[in-house]
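Enquirer: here is a sequence together with a model predicted from it:
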Amino acid sequence: MIRVRYHSDCDYFAGCENMLANFFADERLAGEGAASFSYRSSPAYEEGLKSRVPAPPRLLPVAVFDFHQISGLANSWPAPLRLLYKALTRLLLVKYWLMLWNVWRLYASMSGETIEILHINNGGFPGAASCLAAGPAARLRGIKTVVHVVNNLPRPYDGPDRWLDWPLDRLAAGSATMFVTGSAQARSTLVRALGLPEAKAVNLANGIAPRAVTEDPQALRRRLAVKDRPLLAVVAVLEPRKGHAVLFEALAKLRAEGLSPFPVTALGGDGSLRAELEALAKSLGLSDDVLFLGWEKRHFDLFNAADAVVLPSTGYEDFPNVTIEAMGLGKAVVATKVGGVSEQLEDGVSGLLAAPGDAADLARALGAVLREPGLRERLGRAARERFEERFTAEASVDRYLTLYQSLLSEAPK
C-alpha cells in the first residue's frame, strides 16, 4: 500500500479536480491510512467535493491563501486606488509572505502522518500559491517524493509580474521529484518554460469516470425547445480563450450557406463575456439559435442529448475534460487543434479537428457532422472505443500508480 498525501487549491471543485475524484474512488488507494487530502478550505469547494466524492479519504482543510484572494480585495475600488493597491502588493512582496505562511500551514498539516508521496494537483503553473508551497513543506518534513501535476499550460515569463515569480517558481521546481502534465505538448512547454531536465517531466493522459445520465434525452430537448433540429452542446466558461465568438461566426457562415435544418447550439457555462456574446449572437442573427444556459449542473445530460459536442477553444488548453467526457458517451466531437486535443482525438476517425481561431475551418467541420448523420455515428462509435482503450478512470489511475512505484523504487533510502 502506497501512502499518498494529495493537495489541491481551487475556488471550487473544477475540471482539473477530476483526477482527484478518480484517485479517491479507486480501491487500490482506499485502504485505511493510504491517502489523505489537504486543500484550501472553502464552503464552495467542499460542496463540490462532497457531491463528486461520496467516500473521500481523510480530509484536511488548511487555512492557506492564494494571491487572488489578496489582490481581488480591490476589484470593486475606483481605478486609481485599485492600481495603487495592486502595485503595493507587488512592492511589498506579498507573494513571498504568502509562500512563507502557506509552507508553515502545510508543514503543520503533515505532522504525525506517514507520507511516502506528496501529490500536488495544480491548475496551471505557477497556479495556486499553496501548490507552490506544498513541495517545500514536504521537503522540510522529510518527504522524499513529490509529484507536481500541472493541469494547464504554464505562463511564460512575459512581464515584470511573472519575473517576480521566478524565485518562487525555482523553489517549487527544485522541490518536485517529477512534474506531470496531461498532454505531450504541455510537457514540452513546461520543460522549456522552467528549464527542466527532460527526465523531470512526464505526460500521463487523464481519464474520466462518467457520471450518471439522469434526464431522458427527449425530455431535455423538449425542455430546451429544440424539437426536431440538431443540437450542438458547448460546455465552457464564457471567456475569450474558449472561442465562442469564432463558433458564432462559423454558425453564421453555415446559415449563409443555407444549412437546413439549422442547429440549436446550447452553451453550458457563464463568465465575463456573456453580455458581449449575447450581443454578438443577436448581431449575427443567431438569437433564436443559441441558448445561454448558464452552468448546467448535469452537463452529462446535455452531452447525452446532443447530436455533437463542440470545443472551439483558441488556445491555452492542455487536456480538456469535455472532449473525453463526450467520447465516453459515444458522441461526435468537433474541436480545435489546441493543447492535447490532437492526442485525444484522431482527426476524421474519432472526431473532427479545425484550426483554432479559423471560423471557416470550424464551419467546414460543423457542416460535415450536421449534414451527415452516418458520419456522426461513425465518429461517435470510434470515440467511445478510443475512450475505453485510453481514457477511463481506471486506466488513468493505473498510469499514476506505475509512476508512483517507479519513483519510490528510485527514491533515496
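Expert: Everything's here; your move.
Enquirer: when you work out contacts or count neighbours from here on, use the C-alpha atoms and nothing else.
Expert: Will do.
Enquirer: what strands line up against whichever strand or helix holds residue 39, and which way round?
Expert: Per DSSP states H and E: residue 39 is located in strand 35-40. Using DSSP bridges, strand 35-40 pairs in its sheet with strand 4-8 (parallel), strand 58-62 (parallel).
Enquirer: could I get the CA-only coordinates of the first one as CSV?
Expert: Okay, so that is strand 4-8. What follows is strand 4-8, C-alpha atoms only, in CSV (Å, rounded to 0.1, in the frame of the first residue of the first chain):
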residue,chain,number,x,y,z
VAL,A,4,-0.1,9.4,-0.5
ARG,A,5,-1.0,12.9,0.6
TYR,A,6,-2.9,14.8,-2.1
HIS,A,7,-3.0,18.6,-2.1
SER,A,8,-5.1,20.9,-4.3
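Enquirer: helix, strand, or coil at the most far-flung residue of the chain relative to its centre?
Expert: Using C-alpha atoms, centre = their mean, the residue of the chain lying farthest from its centre is residue 258. It sits 36.0 Å away. With DSSP: H, G, I helix; E, B strand; the rest coil as the basis, residue 258 sits in coil.
Enquirer: then the one 10 residues further on?
Expert: Look at residue 268: counting by three-state DSSP, its state is strand.
Enquirer: residues near it, how many?
Expert: Burial measure for residue 268: 22 neighbouring residues, criterion other C-alpha atoms under 10 Å.
Enquirer: quick one: it from residue 396, how far?
Expert: Noted for residue 268: a distance of 26 Å to residue 396, by C-alpha to C-alpha, to the nearest Å.
Enquirer: can you list the weak-confidence ranges in the stretch 301-413 of the chain?
Expert: Residues of the stretch 301-413 of the chain meeting the criterion pLDDT under 70: 413.
Enquirer: what about the helices in it?
Expert: Assigned by DSSP state H, counting those that start in this stretch, the helices in the stretch 301-413 of the chain fall at 321-328, 341-344, 359-371, 373-390, 393-410.
Enquirer: which residues are in contact with residue 105?
Expert: 62-64 (C-alpha atoms under 8 Å, 6 or more residues apart in numbering).
Enquirer: what about 6 Å?
Expert: Applying C-alpha atoms under 6 Å, 6 or more residues apart in numbering, we find residue 105 in contact with no residue.
Enquirer: average pLDDT across stretch 219-237?
Expert: Stretch 219-237 shows a mean pLDDT of 94.
Enquirer: let me see the domain layout of the protein.
Expert: Per the record, the chain has its domains at 4-207+393-410, 217-390, by automatic domain parsing.
Enquirer: quick check, pLDDT for residue 33.
Expert: pLDDT, residue 33: 65.
Enquirer: go on, residue 140?
Expert: So residue 140 comes in at 97 (pLDDT).
Enquirer: which residue sits closest to it, ignoring its sequence neighbours?
Expert: residue 107 (7.3 Å; C-alpha to C-alpha, 6 or more residues apart in numbering).
Enquirer: ok, then the element right after the helix or strand containing the one you found?
Expert: Element membership of residue 107 [criterion: DSSP H and E] is helix 94-109. For helix 94-109, the following helix or strand on the C-terminal side (DSSP H and E) is strand 117-122.
Enquirer: before we move on, back to that, from residue 337, how far out is the residue farthest from the centre of the chain?
Expert: Taken as C-alpha to C-alpha, the span from residue 258 to residue 337 is 27 Å.
Enquirer: pull the number of nearby residues for residue 405.
Expert: 12.
Enquirer: could you do residue 361 as well?
Expert: With other C-alpha under 10 Å as criterion, residue 361 counts 16.
Enquirer: tell me the secondary structure at residue 54.
Expert: Under three-state DSSP, residue 54 comes out as coil.
Enquirer: okay, the domains of the chain, which one's buried deepest?
Expert: domain 217-390 (a mean of 19; mean count of other C-alpha atoms under 10 Å).
Enquirer: and residue 347, how far from residue 77?
Expert: 48 Å.
Enquirer: same check on residue 339?
Expert: 36 Å.
Enquirer: residue 227 in helix, strand or coil?
Expert: Assignment for residue 227 (three-state DSSP): coil.
Enquirer: give the closest residue to it in space, chain neighbours not counted.
Expert: residue 221 (6.5 Å).
Enquirer: ok, then the element right after the helix or strand that contains the one you found?
Expert: Using DSSP H and E, residue 221 sits in helix 217-223. Note on helix 217-223: by DSSP H and E, the next helix or strand toward the C-terminus is strand 231-235.
Enquirer: run the angle between that next one and helix 359-371 for me.
Expert: Here strand 231-235 points in a direction 130 degrees away from that of helix 359-371 (axes from the mean of the first three to the mean of the last three C-alpha atoms, to 10 degrees).
Enquirer: alpha carbons of strand 231-235, in CSV - could you do that?
Expert: Extracted as CSV, the C-alpha positions of strand 231-235 are listed here (Å, rounded to 0.1, in the frame of the first residue of the first chain):
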residue,chain,number,x,y,z
LEU,A,231,-28.5,20.0,-31.1
LEU,A,232,-24.9,21.1,-30.5
ALA,A,233,-23.6,21.3,-27.0
VAL,A,234,-20.7,23.5,-25.7
VAL,A,235,-19.7,23.5,-22.1
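Enquirer: what helices and strands are in contact with it?
Expert: Strand 231-235 sits against strand 264-268, strand 308-311, with contacts defined as 3 or more C-alpha pairs under 6 Å, 6 or more residues apart in numbering; DSSP states H and E.
Enquirer: with distance to residue 333 as added columns, please give those strands in a markdown table.
Expert: Converted to a markdown table, the helices and strands packed on strand 231-235 look like this (distance: least, C-alpha to C-alpha, whole Å):
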| stretch | distance to residue 333 |
| --- | --- |
| strand 264-268 | 14 |
| strand 308-311 | 5 |
